[in-house]
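Chemist: Generate coordinates for the sequence data below:
(2 chains)
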Amino acid sequence: MARSRFPSPLGRRAALGILGAGLSGPFIRPSLAQAAWPEQTTIPDSLKGTGEVRIAGYGGTMQEAQQKAYYDSFEKLSGIKVLAFPGASPTKVKAMVETGNVEWDMAQLSRGSIMNLMKTGDYFEKIDYSLVDDGVGKEHRFEYGLEMLVWAQVLAYRTDAFKGSAPTGWADFWDTRKFPGDRAMFGTSGGGWPEMEFALMAAGVPADKVYPLDVDKALASYTKIKKDVVKWWDTGAVPIQLLTDREVTMTTVWNGRMAALQAAGVPAAISWEQGLSKRDAWGIPKGAKNKANAMKFAAFSTMAIPQARIAFAIPYGSVNGGSNEYIPPDRLAMLPSAPEIKKKLVNYNYDWWIDNREAVIPKFNKWLLS
Amino acid sequence: MVPLLLAAPLVLYMLAFYALPVLAMLMRSISDPTWSLTHYKDLAGDPVFIKVFWNTLETSFIVTVSTLLLGYPVALALVRAPKWAPLILILILLPFWTSVLVRSYAWMVLMGRHGLINEALLAAGLLERPLRLLNTPLATQIAMTHILLPYMILPIANALRQIDPSLARAASGLGATPFASFRQVTLPLSMPGVAAGVLLVFVLALGFYITPAMVGGPREITLSMLISQQVEELNWAYAATLSAVLLATALGIIALFYRLPGIGNAFTTSGR
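Modeler: Residues are numbered from 1 along each chain as shown, chains lettered A, B, ... in the order given. Sure thing, here's the model as predicted:
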């Protein structure tokens, strides 16, 4: 689900991503030049080795952040060479495993897409949890993947559009009289996961009662906003471009993208209320040539300091409970894993989606075209 | 025998890198998960497919008609005004050589809510508030027409160039007005070029993906967008079935056009 959250040089959808980045003006990366990055200086012998590990992520700014946060230090400390590739996707993992030509040892996916694929066959290796740091909570561990990045799907709006008033939550998103202007939402065209949770909260369902999703109720709620949604976006660059070009006044976004937009001076802000807290996860394709090295890297990258370092490069949160003490308070305050923000978010229920996705997507498509 | 051997490298290349993969893909539509034609049977009752297929045909039809109406006069000018021909040709070919992605992007800049067209109309006082041009079916049709125009103009110009100029002189010598000579001599003789242009544009439009995805409306899903979505959804058998339908439609239209007399001439390159 987290596909193409960052511009990468490969593929058609990635090309659209680059285009969006171009449209949104100079892509200034927000970084904390002033604050010193914490350094990992030693690692357990169990994480050392030889050879290489081939890791697929999303390329672009995320890959640069990962290079600085943990690829470089892992190489230095473990003796294992890291080769990073853009374009991670469950579709490619499926093709690689089926043809026996597994080019990646590890891919950045999500619990949703890993378990979705596991429903149709044996596509991933089991994670070796004896190597993983105790700081990684059990909510981030599952049999065929290890969560490694915390992010949020939230409401974003033009601050110059509503004469000073600010939307908070989905009822406001749905209220085009109080908050006039076009909208954009995440669609299903790129293997996306429709934002049924938002539609339900707009209809008044309390955040803690969203799951199990009432799909018919969600679609009925969606119907009220349908004519105002000018774009059902499929890649993270699109809503950013729509906000920048004033095509919409409000949209849903992946929170990491907004930092770049704000750094470029676009008058736009995030409203964290009722956003969805989501995670990315490392998955090791079945038959990966450097499986053991991939396990070691997965364990290293989820240690407290490597996880904290990610937040210095891009505003995404950590899966390790020990990371926050390494992050300055002003930086922590803009991460989806910050306590103040976390309590405003709804925890995304991957399990519900894994069980129901197959039935929901055709229903959504049918609704969209009707 | 020798001419066949000359084509052999390309034939082998097409077999290995085109025919076999396409065949493997088509197999998936009837063999996954078991051997059956259920995927095809299901299509008939699938409202999403019917809507998307119809939308694709409709868009292709509108784009074909508009490229024909806009392209024919340009082709005529290209042949009738030899002095200007190089300039016209450059104007046609420059965009033709530019990537579809770049041109779709340019249309986004032009048609945006605060794009050039809206800002100009607002400044001129012709509009009170900006029009919604981008993210509509109209935007797709305009952008696709622009992208596909050269495919209409060049075959028509080629057909026009092959018409013996003495025929027009003979017509006027027999008292035909310029319009009558065009209607009764030039137009019928250029029909193979028109047919070739229509065929090229319609078949290419069927498979369009980037442009509708970028500038199209929220409910505008083309067949190739649906195929891509189904690949991402890991419904590869369904995606293969949709691809087979797209391929069959394109082949069916090509077969239909090849039954028209004289169309082969339109693809020859020698002029008179």
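Chemist: pLDDT on the helix or strand hosting B:Leu5, on average?
Modeler: Assigned by DSSP states H and E, B:Leu5 falls within helix B:2-14. The pLDDT scores in helix B:2-14 average 90.
Chemist: Repeat that for stretch A:318-336.
Modeler: 93.
Chemist: Show me what counts as buried in it.
Modeler: Neighbour counts using 16 or more other C-beta atoms under 10 Å in any protein chain shown place A:318-324, A:326-327, A:331-332, A:334-336 of stretch A:318-336 among the buried residues. Quick note: C-beta positions are derived from backbone N, CA and C, even for glycine.
Chemist: From those residues, which land in helices?
Modeler: A:Arg331, A:Leu332 (DSSP state H).
Chemist: now the buried residues of stretch A:318-336 as JSON lines including distance to A:Glu147?
Modeler: Shown next, in JSON lines, are the buried residues of stretch A:318-336 (distance: C-beta to C-beta, whole Å):
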{"residue": "A:Ser318", "distance to A:Glu147": "10"}
{"residue": "A:Val319", "distance to A:Glu147": "5"}
{"residue": "A:Asn320", "distance to A:Glu147": "10"}
{"residue": "A:Gly321", "distance to A:Glu147": "13"}
{"residue": "A:Gly322", "distance to A:Glu147": "15"}
{"residue": "A:Ser323", "distance to A:Glu147": "13"}
{"residue": "A:Asn324", "distance to A:Glu147": "16"}
{"residue": "A:Tyr326", "distance to A:Glu147": "19"}
{"residue": "A:Ile327", "distance to A:Glu147": "18"}
{"residue": "A:Arg331", "distance to A:Glu147": "21"}
{"residue": "A:Leu332", "distance to A:Glu147": "19"}
{"residue": "A:Met334", "distance to A:Glu147": "20"}
{"residue": "A:Leu335", "distance to A:Glu147": "15"}
{"residue": "A:Pro336", "distance to A:Glu147": "13"}
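Chemist: Low-confidence ranges, the stretch 151-300 of chain A, go.
Modeler: For the stretch 151-300 of chain A, no stretch is flagged by pLDDT under 70.
Chemist: can you give me the strands for it?
Modeler: Assigned by DSSP state E, counting those that start in this stretch, the strands in the stretch 151-300 of chain A fall at A:183-186, A:229-233, A:250-254, A:268-283.
Chemist: Dump those into JSON lines; add mean neighbour count and distance to chain B as well.
Modeler: Shown next, in JSON lines, are these (neighbours: other C-beta atoms under 10 Å in any protein chain shown; distance: least, C-beta to the nearest C-beta, whole Å):
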{"stretch": "strand A:183-186", "mean neighbour count": "25", "distance to chain B": "9"}
{"stretch": "strand A:229-233", "mean neighbour count": "22", "distance to chain B": "4"}
{"stretch": "strand A:250-254", "mean neighbour count": "25", "distance to chain B": "12"}
{"stretch": "strand A:268-283", "mean neighbour count": "23", "distance to chain B": "14"}
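Chemist: how about CSV for those, with distance to B:Leu204 added?
Modeler: Formatted as CSV, the strands of the stretch 151-300 of chain A follow (distance: least, C-beta to C-beta, whole Å):
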stretch, distance to B:Leu204
strand A:183-186, 29
strand A:229-233, 25
strand A:250-254, 32
strand A:268-283, 38
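Chemist: Identify the residue of chain A closest to chain B, quick one.
Modeler: Proximity of chain A to chain B (C-beta to the nearest C-beta) peaks at A:Gly191, 2.8 Å away.
Chemist: Give me the phi and psi for that residue.
Modeler: A:Gly191 adopts backbone torsions of phi 70, psi 20, taken as degrees, to the nearest 10.
Chemist: what sits against the closest residue to it other than its chain neighbours?
Modeler: Nearest residue to A:Gly191 in three dimensions, chain neighbours excluded: B:Glu232, at 2.8 Å (C-beta to C-beta, 6 or more residues apart in numbering or on different chains). The contact partners of B:Glu232, by C-beta atoms under 8 Å, 6 or more residues apart in numbering or on different chains, come to A:Arg3, A:Ser89, A:Thr91, A:Gly190, A:Gly191.
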